[in-house]
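In: Sequence below, structure please.
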Amino acid sequence: SPQMVDGFTYVGCYQDDPSRDLASVGAGDADHTACNSVCQAYRYFALQYGSECFCGDTYGTPAQQFPRLPEASCQRNGYCATCG
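Out: Below is the predicted model:
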């Protein structure tokens, strides 16, 4: 189930590919606070590689293309959403 991380609802670690689940590019070199700020017009935001920000109003469709991954898969570039 989703958990709160620094005031945001964390919904998990998901596989990505060039077709993007969250299609709008928010910003580069962002942390979760900056990405949230850039993506205010959208329902969701995500970080790829710990600092590339993407925005969108839906995620996870189709599930077979963007499956949920183990949390360790998203702990990159010194950022871990669910640590500590």
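
In: How many neighbouring residues does Cys53 have?
Out: Neighbourhood size, Cys53 [other Cβ atoms under 10 Å]: 24. In this view, the C-beta of every residue, glycine as well, is placed from N, C-alpha and C.

In: Contacts only, for it.
Out: Cys53 is in contact with Val25, Gly26, Ala27, Gly28, Ala30, Ala34, Cys35, Val38, Cys39, Phe45, Ala46, Leu47, counting by Cβ atoms under 8 Å, 6 or more residues apart in numbering.

In: Pull out the buried positions in stretch 49-66.
Out: Gly50, Ser51, Glu52, Cys53, Phe54, Cys55, Gly56, Tyr59, Phe66 (16 or more other Cβ atoms under 10 Å).

In: and that stretch, how far from the chain's centre?
Out: Between the centre of stretch 49-66 and the centre of its host chain there is 6 Å, according to Cα atoms, centre = their mean, to the nearest Å.

In: Lovely, talk soon.
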